[in-house]
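Peer 1: structure, please.
(one chain, ligands or ions: 3)
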Amino acid sequence: MLDADFFRRWMTMTAASVEREAERLTALDSPIGDADHGSNLLRGFRAVTVALDKESPDTPGAVLILAGRQLISTVGGASGPLYGTLLRRTGKALGEAAEVDEAKFAEAFRTGVDAVMTLGGAAPGDKTMIDALVPALDALGAGFTAARAAAEEGALATTPLQARKGRASYLGERSIGHQDPGATSSALLVAALAEAHGE
Ligand code: ADP
Ligand code: MG
Ligand code: MG
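Peer 2: Ligands and ions are numbered 1, 2, ... in the order given. Model prediction:
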(Lines give C-alpha, C1' and ligand atoms only; values in the text may rest on other atoms or scores of the structure.)
(Ligands and ions follow the chains in the order given, each with its own letter.)
Protein backbone atom coordinates (compact mmCIF):
# COMPACT_ATOMS: atom_id res chain seq x y z
CA MET A 1 0.00 0.00 0.00
CA LEU A 2 1.10 3.56 -0.71
CA ASP A 3 0.72 6.05 2.14
CA ALA A 4 1.24 9.80 2.54
CA ASP A 5 4.94 9.23 3.30
CA PHE A 6 5.36 7.44 -0.02
CA PHE A 7 3.86 10.40 -1.90
CA ARG A 8 5.97 12.84 0.11
CA ARG A 9 9.06 10.82 -0.88
CA TRP A 10 7.92 10.91 -4.51
CA MET A 11 7.81 14.70 -4.40
CA THR A 12 11.09 15.21 -2.51
CA MET A 13 12.90 12.72 -4.77
CA THR A 14 11.55 14.55 -7.81
CA ALA A 15 12.77 17.82 -6.26
CA ALA A 16 16.24 16.30 -5.70
CA SER A 17 16.36 15.02 -9.25
CA VAL A 18 15.31 18.42 -10.62
CA GLU A 19 18.15 19.99 -8.57
CA ARG A 20 20.61 17.56 -10.22
CA GLU A 21 19.21 17.86 -13.74
CA ALA A 22 18.12 21.53 -13.93
CA GLU A 23 21.01 22.57 -16.14
CA ARG A 24 20.34 19.77 -18.59
CA LEU A 25 16.62 20.60 -18.71
CA THR A 26 17.40 24.24 -19.42
CA ALA A 27 19.92 23.23 -22.07
CA LEU A 28 17.28 21.09 -23.80
CA ASP A 29 14.88 24.06 -23.67
CA SER A 30 17.46 26.29 -25.34
CA PRO A 31 17.32 25.20 -29.04
CA ILE A 32 13.54 24.65 -29.10
CA GLY A 33 12.32 26.94 -26.33
CA ASP A 34 13.33 29.83 -24.11
CA ALA A 35 15.94 28.12 -21.91
CA ASP A 36 14.00 28.21 -18.67
CA HIS A 37 12.61 24.71 -18.13
CA GLY A 38 15.19 23.78 -15.49
CA SER A 39 14.82 27.04 -13.59
CA ASN A 40 11.02 26.85 -13.81
CA LEU A 41 10.98 23.40 -12.24
CA LEU A 42 13.64 24.30 -9.66
CA ARG A 43 11.48 27.17 -8.44
CA GLY A 44 8.38 24.98 -8.47
CA PHE A 45 9.77 21.92 -6.70
CA ARG A 46 11.62 24.03 -4.11
CA ALA A 47 8.23 25.55 -3.26
CA VAL A 48 6.71 22.05 -3.13
CA THR A 49 9.39 20.90 -0.65
CA VAL A 50 8.88 23.95 1.58
CA ALA A 51 5.09 23.60 1.56
CA LEU A 52 5.20 19.87 2.36
CA ASP A 53 7.52 20.58 5.31
CA LYS A 54 5.35 23.37 6.60
CA GLU A 55 1.91 21.87 6.19
CA SER A 56 2.59 18.11 6.57
CA PRO A 57 -0.52 16.87 4.71
CA ASP A 58 -1.45 13.44 6.01
CA THR A 59 -3.13 11.64 3.10
CA PRO A 60 -1.80 10.72 -0.38
CA GLY A 61 -4.43 12.95 -1.99
CA ALA A 62 -3.59 15.94 0.21
CA VAL A 63 0.15 15.61 -0.54
CA LEU A 64 -0.40 15.72 -4.30
CA ILE A 65 -3.02 18.47 -4.16
CA LEU A 66 -0.68 20.68 -2.12
CA ALA A 67 2.24 19.95 -4.46
CA GLY A 68 0.13 20.69 -7.53
CA ARG A 69 -1.08 23.95 -6.09
CA GLN A 70 2.51 25.07 -5.44
CA LEU A 71 3.53 24.32 -9.03
CA ILE A 72 0.59 26.25 -10.43
CA SER A 73 1.25 29.29 -8.26
CA THR A 74 5.07 29.46 -8.52
CA VAL A 75 5.96 28.37 -12.08
CA GLY A 76 5.37 31.00 -14.71
CA GLY A 77 5.94 28.79 -17.76
CA ALA A 78 3.59 26.38 -19.51
CA SER A 79 4.95 23.46 -17.50
CA GLY A 80 3.76 24.84 -14.13
CA PRO A 81 0.01 24.72 -14.77
CA LEU A 82 0.44 21.43 -16.66
CA TYR A 83 2.42 19.61 -13.94
CA GLY A 84 0.29 21.34 -11.31
CA THR A 85 -2.84 19.99 -12.95
CA LEU A 86 -1.30 16.53 -13.24
CA LEU A 87 -0.59 16.34 -9.51
CA ARG A 88 -3.70 18.14 -8.31
CA ARG A 89 -6.07 16.05 -10.41
CA THR A 90 -4.27 12.82 -9.52
CA GLY A 91 -4.53 13.84 -5.86
CA LYS A 92 -8.21 14.66 -6.12
CA ALA A 93 -8.87 11.29 -7.71
CA LEU A 94 -7.13 9.57 -4.77
CA GLY A 95 -9.76 11.03 -2.46
CA GLU A 96 -9.25 11.04 1.31
CA ALA A 97 -7.91 7.51 1.84
CA ALA A 98 -4.93 7.18 4.20
CA GLU A 99 -3.43 4.52 1.90
CA VAL A 100 -4.02 3.51 -1.72
CA ASP A 101 -2.96 0.44 -3.65
CA GLU A 102 -1.04 0.58 -6.91
CA ALA A 103 -4.13 -0.07 -9.05
CA LYS A 104 -5.92 2.88 -7.45
CA PHE A 105 -2.87 5.05 -8.02
CA ALA A 106 -2.69 4.01 -11.69
CA GLU A 107 -6.36 4.92 -12.15
CA ALA A 108 -5.88 8.30 -10.45
CA PHE A 109 -2.75 9.03 -12.50
CA ARG A 110 -4.78 8.38 -15.65
CA THR A 111 -7.26 11.03 -14.51
CA GLY A 112 -4.33 13.40 -14.02
CA VAL A 113 -2.75 12.74 -17.41
CA ASP A 114 -6.16 13.11 -19.10
CA ALA A 115 -6.55 16.49 -17.41
CA VAL A 116 -3.15 17.59 -18.77
CA MET A 117 -4.22 16.58 -22.28
CA THR A 118 -7.48 18.50 -21.90
CA LEU A 119 -5.75 21.61 -20.54
CA GLY A 120 -2.87 21.68 -23.03
CA GLY A 121 -4.60 20.09 -26.00
CA ALA A 122 -1.61 17.83 -26.71
CA ALA A 123 -1.93 14.24 -27.87
CA PRO A 124 0.78 11.57 -28.05
CA GLY A 125 3.23 12.39 -30.85
CA ASP A 126 3.01 16.18 -30.42
CA LYS A 127 6.49 16.26 -28.81
CA THR A 128 5.47 17.23 -25.27
CA MET A 129 5.51 15.81 -21.75
CA ILE A 130 2.55 13.68 -22.86
CA ASP A 131 4.98 11.54 -24.88
CA ALA A 132 6.59 10.37 -21.64
CA LEU A 133 3.50 10.38 -19.42
CA VAL A 134 1.20 8.27 -21.61
CA PRO A 135 3.72 5.42 -22.11
CA ALA A 136 4.41 5.51 -18.35
CA LEU A 137 0.72 5.26 -17.66
CA ASP A 138 0.32 2.36 -20.06
CA ALA A 139 3.19 0.51 -18.38
CA LEU A 140 2.11 1.25 -14.82
CA GLY A 141 0.12 -1.98 -14.61
CA ALA A 142 3.46 -3.81 -14.86
CA GLY A 143 4.93 -1.79 -11.98
CA PHE A 144 6.92 1.37 -11.31
CA THR A 145 10.17 0.10 -12.83
CA ALA A 146 8.38 -0.67 -16.10
CA ALA A 147 6.77 2.78 -16.01
CA ARG A 148 10.17 4.41 -15.52
CA ALA A 149 11.65 2.60 -18.52
CA ALA A 150 8.62 3.49 -20.67
CA ALA A 151 8.84 7.17 -19.72
CA GLU A 152 12.56 7.29 -20.50
CA GLU A 153 12.00 5.61 -23.84
CA GLY A 154 9.11 7.99 -24.57
CA ALA A 155 11.28 11.02 -23.79
CA LEU A 156 14.07 9.77 -26.11
CA ALA A 157 11.52 9.10 -28.84
CA THR A 158 10.53 12.79 -28.95
CA THR A 159 13.82 13.69 -30.72
CA PRO A 160 12.71 12.93 -34.31
CA LEU A 161 9.24 14.43 -33.80
CA GLN A 162 8.06 17.83 -34.98
CA ALA A 163 6.49 19.83 -32.14
CA ARG A 164 2.82 20.60 -32.49
CA LYS A 165 2.20 22.23 -29.09
CA GLY A 166 3.96 24.75 -26.91
CA ARG A 167 6.80 27.11 -27.76
CA ALA A 168 8.74 24.49 -29.75
CA SER A 169 5.88 24.32 -32.26
CA TYR A 170 6.70 27.88 -33.41
CA LEU A 171 9.88 26.42 -34.94
CA GLY A 172 7.96 24.06 -37.22
CA GLU A 173 10.33 21.59 -38.87
CA ARG A 174 13.29 23.11 -37.06
CA SER A 175 12.02 21.50 -33.85
CA ILE A 176 12.98 18.10 -35.31
CA GLY A 177 16.19 16.56 -33.95
CA HIS A 178 15.93 17.86 -30.37
CA GLN A 179 14.68 15.99 -27.31
CA ASP A 180 11.69 17.66 -25.65
CA PRO A 181 12.55 19.18 -22.27
CA GLY A 182 9.11 18.53 -20.75
CA ALA A 183 9.12 14.86 -21.79
CA THR A 184 12.57 14.65 -20.20
CA SER A 185 11.38 16.12 -16.90
CA SER A 186 8.33 13.83 -16.97
CA ALA A 187 10.72 10.88 -17.17
CA LEU A 188 12.44 12.25 -14.04
CA LEU A 189 9.07 12.48 -12.28
CA VAL A 190 8.26 8.86 -13.14
CA ALA A 191 11.77 7.70 -12.21
CA ALA A 192 11.30 9.31 -8.78
CA LEU A 193 8.13 7.27 -8.38
CA ALA A 194 10.12 4.05 -8.76
CA GLU A 195 12.84 5.44 -6.51
CA ALA A 196 10.30 6.35 -3.80
CA HIS A 197 9.13 2.74 -4.00
CA GLY A 198 12.67 1.51 -3.38
CA GLU A 199 13.23 0.31 -6.97
P1 ADP B 1 7.59 27.54 -21.40
O2 ADP B 1 7.50 26.86 -22.72
O3 ADP B 1 6.40 28.36 -21.08
O4 ADP B 1 8.88 28.26 -21.22
P5 ADP B 1 8.68 25.31 -19.89
O6 ADP B 1 9.95 25.59 -20.60
O7 ADP B 1 8.77 25.23 -18.39
O8 ADP B 1 7.56 26.36 -20.27
O9 ADP B 1 8.07 23.92 -20.38
C10 ADP B 1 8.16 23.53 -21.71
C11 ADP B 1 7.61 22.12 -21.85
O12 ADP B 1 6.22 22.11 -21.55
C13 ADP B 1 7.72 21.55 -23.24
O14 ADP B 1 8.97 20.92 -23.43
C15 ADP B 1 6.56 20.57 -23.32
O16 ADP B 1 6.94 19.27 -22.92
C17 ADP B 1 5.59 21.11 -22.32
N18 ADP B 1 4.42 21.70 -22.97
C19 ADP B 1 4.33 22.92 -23.53
N20 ADP B 1 3.09 23.11 -24.04
C21 ADP B 1 2.39 21.98 -23.78
C22 ADP B 1 1.05 21.54 -24.03
N23 ADP B 1 0.17 22.33 -24.66
N24 ADP B 1 0.68 20.30 -23.61
C25 ADP B 1 1.56 19.50 -22.97
N26 ADP B 1 2.84 19.87 -22.70
C27 ADP B 1 3.25 21.07 -23.11
MG1 MG C 1 10.71 27.24 -21.54
MG1 MG D 1 9.26 30.22 -20.44
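Peer 1: okay, CA-based contacts and neighbour counts for the rest of this
Peer 2: OK.
Peer 1: wait, doesn't G125 sit right on P160?
Peer 2: No - with contact defined as C-alpha atoms under 8 Å, G125 does not reach P160; the gap is 10.1 Å.
Peer 1: contact residues of this structure facing ligand 1?
Peer 2: By C-alpha under 6 Å from any ligand atom, the part of the chain that sits against ligand 1 consists of 34, 36-37, 40, 77-79, 120-122, 128-130, 165-167, 180-183.
Peer 1: apply 8 Å and report the result again.
Peer 2: Contacts of the chain with ligand 1, taken as C-alpha under 8 Å from any ligand atom, map to 26, 29, 33-41, 75-80, 82, 116-117, 119-123, 127-130, 165-168, 180-184.
Peer 1: A97: how many residues sit nearby?
Peer 2: For A97, the neighbour count with other C-alpha atoms under 10 Å is 13.
Peer 1: any idea of the pLDDT on it?
Peer 2: Reported pLDDT at A97 in the predicted model: 98.
Peer 1: check contacts around it.
Peer 2: Neighbouring residues of A97 by C-alpha atoms under 8 Å, 6 or more residues apart in numbering: T59, P60, G61.
Peer 1: now the most far-flung residue of the chain relative to its centre: closest residue in space, sequence neighbours ignored.
Peer 2: Here the chain reaches farthest from its C-alpha mean at E173, the gap being 25.8 Å by C-alpha atoms, centre = their mean. The shortest distance from E173 to any non-neighbouring residue, by C-alpha to C-alpha, 6 or more residues apart in numbering, is to Q162 (5.9 Å).
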